[in-house]
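>>> What follows is a predicted structure for the sequence shown.
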Amino acid sequence: MQHYDVIIIGGGHAGVESAAAAARRGARTLLLTQSPSDLGALSCNPSIGGPGKSQMVAEMDAFGGVMPRAADRAGIHWRTLNASHGAATRALRAQIDRDLYHTAIVDILNEYDNLDIVFDAVTALDTQHKTVNNTYSAAAIVLTTGTFLGGVVTRGAEKIPSGRLLDDGTYQAPDQHISGILRAAGFRLLRLKTGTPARIWRDSINFDVCEVQPGDAPHDWFSGGWAANTHDAHCFITHTTEQTHQIIRDNIKSAPMYNGDITGTGPRYCPSLEDKVMRFPDHTSHHVFLEPEGLNSPLIYPNGISTSFGADIQDVWIRSIPGLENARIARYGYAIEYDAIDARALHSTLQARIAPGLFFAGQINGTSGYEEAAAQGLVAGANAAAYAMKSAELKLDRTNSMIGVMIDDITTLGVDEPYRMFTSRAEYRLHLRADNAIARLGDMAVELGLITDRARREKYEHRRDEIAENDKFYAGYIARNAREIDAYRRDAALKIPSDFVYAGLPGLTNELIEKLTAARPENIAALSRIPGMTPAGIMVVLRKIRNN
């Protein structure tokens, strides 16, 4: 039996970030994943950043994260979204070369001498004794299984057990064991769904009838830049037509999302095209963003038209889109269903309440998106190392980070659909900007060994003038935010015992008692965000705690 401090299961964005964070904190770490192609795989849209997401990428950079550095090396088209708005809503987004990103991830992981990477499927997992495949043991395990738990790909009438469709057209085997192990251990599982569009051969597209979308020049970077990266590519915009929508309406009964073949809940904020057509009948067209998969890739990713239709129907409606009349499909779109846990079973450190030493990160927690997964991976990996080495935990909350907002949302409120981060989810978003991430989090990163003091100083120097200008601009609002944050922290300081009994308290409905007992909020601040919680109910709980 080979022993490690931390074992990471899964090599996607959450797994990569988790392994690197644990290794940076000094833990002897094993990353266990099926295939070398898993590392940094951009299995859907090849892009990083955007509203809410770029703020989390900046926060990962403040903690020495992998994603910002890899994105700087692999970016081929850069834009600052909401550039005319205030700094709190500006968002950097980069189109990414898939191959360059994978190479960058591998190169960065190879920098860690205390990180081993093994390519193998998980055939046995003991969550109590922390052993994997009867070969490896650890003090802590982090599960970052993405869409692989009971994964099923659906395309029209086709249903294929799979965790992911690979570039060569083959399907990666799903995990058929871990879901049962988690259920037996007492975890509640959800069935969720996501999807991806077709991939189109670049040389079959008529770009002359599309709108050119050039990148910014000069542009910002996620992690201070990469001198060797001078890549510049164009994206294009086209749109669906009334003919497209009519084809979808005429065939909607064959769409698995509508005929009952798919039961998992999909992301409301990233719907399939059939969902958009049926939910918004007054819209005569929807944008389609034609984005290159890489500088030398012959493929185009048509962002905005994910689907679960069969190949025959995709062929017809795709070719009704201007510029795609003669499109040749390299790979058809599909939906994928998978198991996730109810993240209310986790502490804010992403450690399971009922299984000490077991941590979860990424889509297994009910989130959607590379950035959301990577951010959780960083937190879970850092805290798995803390558990194994008996060192200080990384604790983020709604006042100090967008990552903290996300983790608080999913562990306190849970999810009923794949969770996506938006700046609007954060009450203190004027404070939680991308430009000041190193100022907010750098000291904590140094204290926990996630970055060096020199790196903190260099990144702060890079951002100092921008931070000063934006504080100046928002001075009054930021001062009010600071007062609200102080009030929040006072509430957060009042802890609720883990065995607190809500049943029988006057003023709490049976429904609310059930929610509170399931959610187990860790403090009064978290308690106040439980849906249905009233000021009177908060006072009832406060009195009970103080009387005890």
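Structure received.
>>> CA atoms for contacts and neighbours, from now on please.
Fine.
>>> how about the helices in the stretch 351-500 of the chain?
Along the stretch 351-500 of the chain, the segments classed as helices by DSSP state H, counting those that start in this stretch run 370-389, 402-408, 437-447, 453-473, 475-493.
>>> can you tell me how far the closest residue to Thr145 other than its chain neighbours sits from Ala385?
Spatially, and ignoring its direct neighbours in sequence, Thr145 is nearest to Gly10 (5.1 Å; C-alpha to C-alpha, 6 or more residues apart in numbering). Separation of Gly10 from Ala385 (C-alpha to C-alpha, to the nearest Å) stands at 17 Å.
>>> So which residues of the stretch 101-250 of the chain form strands?
With DSSP state E, counting those that start in this stretch, the ranges of strands along the stretch 101-250 of the chain come out as 115-119, 125-126, 131-132, 136-143, 152-155, 158-161, 164-165, 171-172, 189-196, 199-201, 211-213, 235-239.
>>> any chance of those strands in a markdown table, with mean neighbour count, distance to Ala526 and mean pLDDT too?
Listed next are the strands of the stretch 101-250 of the chain as a markdown table, based on neighbours: other C-alpha atoms under 10 Å; distance: least, C-alpha to C-alpha, whole Å; pLDDT from 0 to 100:
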| stretch | mean neighbour count | distance to Ala526 | mean pLDDT |
| --- | --- | --- | --- |
| strand 115-119 | 17 | 36 | 98 |
| strand 125-126 | 16 | 32 | 96 |
| strand 131-132 | 21 | 34 | 97 |
| strand 136-143 | 24 | 24 | 98 |
| strand 152-155 | 24 | 35 | 93 |
| strand 158-161 | 16 | 38 | 91 |
| strand 164-165 | 20 | 36 | 82 |
| strand 171-172 | 16 | 39 | 86 |
| strand 189-196 | 23 | 22 | 93 |
| strand 199-201 | 20 | 43 | 97 |
| strand 211-213 | 15 | 43 | 96 |
| strand 235-239 | 20 | 42 | 97 |
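>>> which one of those lies closest to Ile530?
Evaluated over the strands of the stretch 101-250 of the chain, closeness to Ile530 peaks at strand 189-196, with 19.6 Å, by C-alpha to C-alpha.
>>> And the contacts of that closest one?
For strand 189-196, contacts defined as C-alpha atoms under 8 Å, 6 or more residues apart in numbering pick out 44-45, 179, 183, 263-267, 272, 305-308, 333-342, 366, 417-418.
>>> Kindly report the same for stretch 56-66.
16-17, 20-21, 49, 67-69, 105, 108, 222-223, 371-372, 375, 378, 401-403, 434-435, 437-438, 441-442, 445, 450-451, 456, 459.
>>> Give me the average confidence score over that stretch.
Average pLDDT, stretch 56-66: 97.
>>> Distance from the chain centre to it, please.
From the chain centre to the centre of stretch 56-66 is a distance of 13 Å (C-alpha atoms, centre = their mean, to the nearest Å).
>>> want to throw the strands of the stretch 101-250 of the chain into TSV with distance to Arg464?
Formatted as TSV, the strands of the stretch 101-250 of the chain follow (distance: least, C-alpha to C-alpha, whole Å):
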stretch	distance to Arg464
strand 115-119	34
strand 125-126	47
strand 131-132	46
strand 136-143	36
strand 152-155	47
strand 158-161	50
strand 164-165	42
strand 171-172	46
strand 189-196	40
strand 199-201	42
strand 211-213	31
strand 235-239	32
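>>> Those: which one's closest to Gln246?
strand 235-239 (14.3 Å).
>>> confidence score at the residue positioned nearest the centre of the chain?
Nearest to the mean C-alpha position of the chain, by C-alpha atoms, centre = their mean, lies Glu372 at 2.1 Å. Here, the pLDDT recorded for Glu372 equals 98.
>>> and if you look at the one 5 residues further on?
We note a pLDDT of 98 for Gly377 in this prediction.
>>> I am assuming it contacts Gly10, so please confirm or correct that.
No - using C-alpha atoms under 8 Å, Gly377 is not in contact with Gly10; the gap is 10.5 Å.
>>> Which neighbours do the two have in common?
Common neighbours of Gly377 and Gly10 (C-alpha under 8 Å, 6+ apart) are Thr144.
>>> Give me the more crowded residue out of those two.
Gly377 (33 against 29; other C-alpha atoms under 10 Å).
>>> ok, now which ones touch that one?
Per C-alpha under 8 Å, 6+ apart, neighbours of Gly377: His13, Ala14, Gly15, Val16, Glu17, Ser18, Ala19, Thr144, Phe360, Ala361, Gly362.
>>> do that again at 10 Å, thanks
8, 12-22, 65, 142-144, 350, 359-362, 371, 383 (C-alpha atoms under 10 Å, 6 or more residues apart in numbering).
>>> so where is the stretch 401-548 of the chain shaky, pLDDT-wise?
472-473 (pLDDT under 70).
>>> can you rerun that using 80?
Scanning the stretch 401-548 of the chain with the threshold set as pLDDT under 80 gives 465-470, 472-478, 488, 491-492, 507, 535, 548.
>>> now the stretch 1-150 of the chain
Using pLDDT under 80, the flagged stretches of the stretch 1-150 of the chain are 86-87.
>>> Doesn't Asp99 belong to a helix?
Yes - when DSSP: H, G, I helix; E, B strand; the rest coil is applied, Asp99 is found to be in a helix.
>>> Narrow the contacts of strand 189-196 to just the buried residues.
Neighbour counting by 16 or more other C-alpha atoms under 10 Å classes 44-45, 179, 264-267, 272, 305-308, 333-342, 366, 417-418 among the contacts of strand 189-196 as buried.
>>> correct me, but the residue nearest to the centre of the chain touches His13?
Yes - Glu372 lies in contact with His13 (C-alpha atoms under 10 Å); the separation is 9.0 Å.
>>> Would you mind listing the residues touching both of the two?
Ala361, Gly362, Gln363.
>>> Can you tell me which of the residues you listed has the most neighbours?
Ala361 (34 neighbours).
>>> Give me the distance between it and Leu115.
18 Å.
>>> Same check on Val152?
Separation of Val152 from Leu115 (C-alpha to C-alpha): 31 Å.
>>> What of Ile48?
Taking C-alpha to C-alpha, one finds Ile48 at 25 Å from Leu115.
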